[in-house]
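>>> structural data only, the sequence is not supplied:
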């Protein structure tokens, strides 16, 4: 197939959408499909044969997506030369709008994916008064699409209740050959100068929508409860990093910034637990990555996270914003060594079933059914 992707976030940006789309384009290349991505400029990276980069500035509310300045005539020319079978819009900002406009004008089959619960974000940015306007826009934006792909059942149900049609699951996976337990965690602890008995990590953007208020309270409680027996590792960066450091202090806490895959795997692997209180996730890629490394996750029972964690099996689900619930779960895990070992194994076993190739195969089958709706699906096995 020939697939055109329009997205307002793409590598080298560090977020779930950008990483998923990059993995998908690698899959397409490996399986004989052609693709062309329209994405924002970032860090001076230029356009290539397969990626058209567009001038852009950060979006103030959500800097991981950028507001671009598309040249529609040039985009149409590039698209005509590429001659796609289908257009996939991954984000609803300016590049996504361009893809929507061009698909309708050129009568190209059109699908979209919904990766971010923007309505949930509004609460954390004191913008709840915009919710009705947001949903009207999202409804208008997605109406022309023949399918809307979402990463979890929770997100599917959320959109269906808002009146969206043609919603399908495009779940996310994990590469268990990369994300896997590391044999010698003692060496990794030495690297970070960690001498404590226990280690807990948080991985994600340090921004309001990750519920940093609850995370800060959890950290402060556990610091008081466990003292020097516990070290926290905060992996990521974002606009609220300095504020969070002021709330929690830096004693027994290591802020690593963004890490490359190898270092990230090390952090997951040496951690006894990962704590993830965010209640705004459509999926929760970092949750699955931690589980692949044999690290149980204590997460909010909300959004896509509750579709990944099996309570008291691969991790523990807690009531969102309930600090006491999270703290009790941490104590239960750290004091029950055998339970923690069982959860670690089950977390890894579950992650092994979430294979990217199978997931992308299904997405391509869905594409083919949009392009040729009456074609026998068995013919798509070539994907």
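Thanks, I have it. Predicted model, so just to flag it, every value in this text is computed and none were measured. Numbers count the residues shown, from 1 in each chain.

>>> could you list the domains of this structure?
Annotated domains of the chain cover 2-173+355-382, 185-352 [automatic domain parsing].

>>> pLDDT on the shortest one, on average?
Translated: domain 185-352. Here domain 185-352 scores 95 as its mean pLDDT.

>>> straight-line length of it, end to end?
Across its full length, domain 185-352 reaches 21 Å end to end, with C-alpha to C-alpha, to the nearest Å as the criterion.

>>> re earlier: most tightly surrounded among the domains of the chain?
Counting by mean count of other C-beta atoms under 10 Å, domain 185-352 has the highest mean neighbour count of the domains of the chain, with a mean of 20. C-beta: built from backbone N, CA, C; applies to glycine.

>>> re the thing from before, quick one: closest of the domains of the chain to residue 179.
Smallest distance to residue 179 across the domains of the chain (C-beta to C-beta): 3.8 Å, for domain 185-352.

>>> quick check, distance from that closest one to the centre of its chain.
Relative to the centre of its chain, domain 185-352 is centred 16 Å away, using C-alpha atoms, centre = their mean, to the nearest Å.

>>> got JSON lines for the domains of the chain, with distance to residue 179 too?
Formatted as JSON lines, those follow (distance: least, C-beta to C-beta, whole Å):
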{"stretch": "domain 2-173+355-382", "distance to residue 179": "10"}
{"stretch": "domain 185-352", "distance to residue 179": "4"}
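
>>> can you list contacts of stretch 109-117?
16-17, 20, 62, 85-92, 96, 99-100, 103-104, 141-142, 144-151, 155, 158-159, 170, 280-283, 303, 366-367, 370-371 (C-beta atoms under 8 Å, 6 or more residues apart in numbering).

>>> any idea of the mean pLDDT in it?
Mean pLDDT, stretch 109-117: 94.

>>> now do stretch 45-52
Stretch 45-52 carries an average pLDDT of 90.

>>> how long is it end to end?
When the termini of stretch 45-52 are compared using C-alpha to C-alpha, they are 10 Å apart.

>>> swap in stretch 298-314?
Its start and end residues considered, stretch 298-314 measures 9 Å (C-alpha to C-alpha).

>>> grab the nearest non-local neighbour of residue 75.
Leaving out its chain neighbours, the residue that sits closest to residue 75 by C-beta to C-beta, 6 or more residues apart in numbering is residue 98, at 5.9 Å.

>>> contact partners for the one you found?
Applying C-beta under 8 Å, 6+ apart to residue 98 gives the contacts 6, 38, 70, 72, 75.

>>> same thing with residue 309?
Applying C-beta under 8 Å, 6+ apart to residue 309 gives the contacts 287, 297, 299, 315, 316, 317.
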